[in-house]
Every structure is written in structure tokens, then in C-alpha cells.
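**Q** sequence and computational prediction follow.
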Amino acid sequence: QVQLVESGGGLVQAGGSLRLSCAASGTLSNYAMGWFRQAPGKERELVTAISRSGGSTFYADSVKGRITISRDNAKNTVYLQMNSLRPEDTAVYYCAADRVYTDSYVPIRRVQYESWGQGTQVTVSS
């Protein structure tokens, strides 16, 4: 398994931007990566995911056009650029890793991810 550490969360006004980072120990290029979020009283949901090569991505409908996932395998880091933030984006954001064996596969089910970070809080004020 790979160890994951998120950073970059914070408090931002509606319409603002944040960039989250997820730093991994080990060889990140072996893993597809996902960003999940969990708001109080709600289930953890997949926001976006990216294949191990970076060539394929998935976005939840609620964030399409506002959020971009990217990765730098040389730096063992995955990024989540969030723009036009809304109060409903307020949640703890988690990155997660799924060991995969094909370059283009993007896992979209929570149970597929075997490694998780500790989460970083994102709060969007109205």
C-alpha cells in the first residue's frame, strides 16, 4: 500500500479557488487516484478520479467544469484544482489510491480504493 497525505484545504469564499495536493510515498505511477469528499451527515462520495497514466479521468456531475484533477508521477503527487467554489462543496476531502495494471483504467467505486489519506477540510462560505 501507499501512504497518502493531503494538504491545501482551508476556508474560502464562494466563487473562490483552492488547490489540494496529495503526496504519496512509494511509486504513484502504479496507482489510479481518486478524490472523495464527505460532508457532515452524508456519505463519502467520489468527486474525481484519474488513471495511472493521467490520460483518463472521471468527474462527478456536480463538479464538472469547476474542478480539475491532475498528477505528476515524477513528484508522486496528485492535485485537485477547485474553482468557482460553492458552499455545497464544503466537506472533508480525501485522496485515495487503487493499485491498477492498465494505464487507462479509472476506478469509480469507493470499495476499489485500498489506500486513503487522512483528509483535509474545505469550507466555502457564502
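**A** Okay, I see it.
**Q** gap between residue 119 and residue 48?
**A** For residue 119, the distance to residue 48 equals 16 Å [Cβ to Cβ, to the nearest Å]. (C-beta placed from N, C-alpha, C; glycine too.)
**Q** comparing those two, which residue is more hemmed in?
**A** residue 48 (24 against 18; other Cβ atoms under 10 Å).
**Q** what about that one, which helix or strand?
**A** Element membership for residue 48, per DSSP states H and E: strand 45-50.
**Q** check which element follows that strand along the chain.
**A** Next along from strand 45-50, by DSSP H and E: strand 57-59.
**Q** coming back round to it: packing partners for the strand holding residue 48?
**A** Here strand 45-50 touches strand 31-38, strand 57-59, strand 67-72, strand 77-82, going by 3 or more Cβ pairs under 8 Å, 6 or more residues apart in numbering; DSSP states H and E.
**Q** so which of those gets nearest residue 108?
**A** For the helices and strands packed on strand 45-50, proximity to residue 108 was assessed by Cβ to Cβ; strand 57-59 is nearest, at 5.5 Å.
**Q** so which elements touch the closest one?
**A** Applying 3+ Cβ pairs under 8 Å, 6+ apart, one finds that strand 57-59 contacts strand 45-50, strand 67-72.
**Q** what comes up buried for that strand?
**A** 58, 59 (16 or more other Cβ atoms under 10 Å).
**Q** ok, residues contacting it?
**A** Applying Cβ atoms under 8 Å, 6 or more residues apart in numbering, the external contacts of strand 57-59 come out as 46, 47, 48, 49, 50, 51, 67, 69, 106, 108.
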